[in-house]
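Asks: what follows is a protein structure lacking sequence information:
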């Protein structure tokens, strides 16, 4: 049982016994991220924060935090060639995140990485396209983006048919199929 349910039950049982019971049903207050250098990628689902950061060993991590600040779905992976200097590039197809899930619209969050002057990325999956802004990760040339795509038609790299990176002025920078 949840803490609130147990507290309320205790208050009911102790009523009339001479005991004073105080029930605090306020949820814990959100705290700042414990990960230095993390940036917010998405806050579409009320109360949830999706953040990302780079590791010291050329890795990229992403996690979702729910309204009570319980970490959900942390995942890290290597940046591969994106960690090296080079022209603007996409870090492959974005990865589906298990949390948060937009149950109202049956959408799933996908997170990807880029290198260079890519400011916006459009991902097409199962005939649906979504665009996300790139957020720089610290002072590096690597950035990350988040997009929401329908989950009902299948999720995963097999269903992604296009990833396109654009500069801030709308110029096509790179395409991944």
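Replies: Thanks, I have the structure now. Keep in mind that what you see is a predicted model, and the values were worked out from it rather than measured.
Asks: what helix or strand is the residue nearest in space to the middle of the chain on?
Replies: Nearest to the geometric centre of the chain sits residue 50, at 3.3 Å (CA atoms, centre = their mean). Using DSSP states H and E, residue 50 sits in strand 49-54.
Asks: count of neighbours near the nearest residue to residue 39 once chain neighbours are set aside?
Replies: Using CB to CB, 6 or more residues apart in numbering and skipping the chain neighbours, the partner closest in space to residue 39 is residue 135 (5.1 Å). The C-beta positions use only the backbone N, C-alpha and C, and glycine is treated the same way. When neighbours are counted by other CB atoms under 10 Å, residue 135 registers 17.
Asks: what do you get for residue 152?
Replies: Around residue 152 sit 12 other residues, with neighbours defined as other CB under 10 Å.
Asks: what about the nearest residue to it once chain neighbours are set aside, how many neighbours?
Replies: Closest residue in space to residue 152, ignoring its immediate chain neighbours: residue 106 at 5.2 Å, by CB to CB, 6+ apart. As a burial measure, residue 106 scores 11 neighbours (other CB under 10 Å).
Asks: again, but for residue 36
Replies: 7.
Asks: give the next helix or strand downstream of the helix or strand of the chain with the lowest mean pLDDT.
Replies: Here the helix or strand of the chain ranked lowest by mean pLDDT, DSSP states H and E is helix 3-14, holding a mean of 37. For helix 3-14, the following helix or strand on the C-terminal side (DSSP H and E) is strand 39-42.
Asks: and that following strand, what does it pack against?
Replies: Strand 39-42 is packed against strand 49-54, strand 135-136, strand 142-150, with contacts defined by 3 or more CB pairs under 8 Å, 6 or more residues apart in numbering; DSSP states H and E.
Asks: sheet partners, orientation included, of it?
Replies: strand 49-54 (antiparallel) (DSSP bridges).
Asks: ok and the strand it pairs with relative to strand 142-150, angle-wise?
Replies: Using axes from the mean of the first three to the mean of the last three CA atoms, to 10 degrees, the inter-axis angle of strand 49-54 relative to strand 142-150 is 150 degrees.
Asks: chain center to strand 49-54, what's the gap?
Replies: Mean C-alpha position of strand 49-54 versus that of the full chain (CA atoms, centre = their mean, to the nearest Å) differs by 6 Å.
Asks: ok, residues contacting it?
Replies: 30, 33, 35-43, 60-65, 79, 97, 100, 109, 111, 135, 137-138, 140, 142, 144, 146 (CB atoms under 8 Å, 6 or more residues apart in numbering).
Asks: alright, calling it a day.
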